[in-house]
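Asks: the sequence and its predicted three-dimensional model are supplied below.
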Amino acid sequence: RSPGYGISLVAETTTGCILSSESAATHSEASELQLPEDLGTQAAMSLLQEIKLGGVVNSTHQGLLFILCALCLEDVSKVRVGKLSSYSIKTLQHIKEFLGVQFSIKPNPVTGTVLLTCIGSGFQNLYRKVS
């Protein structure tokens with residue numbers, strides 16, 4: 001059944017990175033809907049956690065960023081992310097297996113972030129009409 005409401009928070013860093021956090025109301029054991037104030041607090045804490053991790057993208061969207069870097073032109077792509085999620089690590093393994101693109105991973109212990117570098121595969125859309 002539908003919880004009925006949710007919230008989405010967005011923050012922009014001083015460097016122009018946009019981070020977001022979403023939460024949806026849940027039912028408690030007594031089948032009562034979560035209070036809006038509690039939902040707002042939960043979403044705000046989640047957003048603050050993303051900000052604390054650093055990087056240029058939410059931890060939930062790291063994998064998509066890595067795929068886009070791997071598919072781009074045969075040029076160097078560099079991205080800085082927070083702690084790598086398990087989903088992101090698996091995505092990096094799939095990228096290496098399917099596209100043959102390997103990322104150089106350099107953790108920065110001072111900032112707690114990770115710098116990833118790769119050379120794109122130069123993937124081109126074969127169905128794109130050439131004019």
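Replies: Yes, it's here.

Asks: all helices for this structure, in order.
Replies: Assigned by DSSP state H, the helices in the chain fall at 36-53, 62-71, 86-99.

Asks: tell me the most buried of those helices?
Replies: Highest mean neighbour count among those (mean count of other C-beta atoms under 10 Å): helix 62-71, with a mean of 19. Heads up, the C-betas are built off the backbone N, CA and C, glycines and all.

Asks: what's that one in contact with?
Replies: 55-57, 77, 79, 81, 84-85, 87-88, 90-92, 95, 99, 101, 103, 116, 118, 120-121, 123 (C-beta atoms under 8 Å, 6 or more residues apart in numbering).

Asks: rerun at 10 Å
Replies: The contact list for helix 62-71 (C-beta atoms under 10 Å, 6 or more residues apart in numbering) reads 55-58, 75-79, 81-85, 87-92, 94-96, 98-103, 114, 116-125.

Asks: the bottom helix or strand of this protein by mean pLDDT?
Replies: Ranked by mean pLDDT, DSSP states H and E, the helix or strand of the chain with the weakest confidence is strand 18-24, at a mean of 88.

Asks: who does it pair up with?
Replies: Applying DSSP bridges, strand 18-24 is found paired with strand 6-12 (antiparallel).

Asks: avg pLDDT for the strand it pairs with?
Replies: In this model, strand 6-12 has a mean pLDDT of 92.
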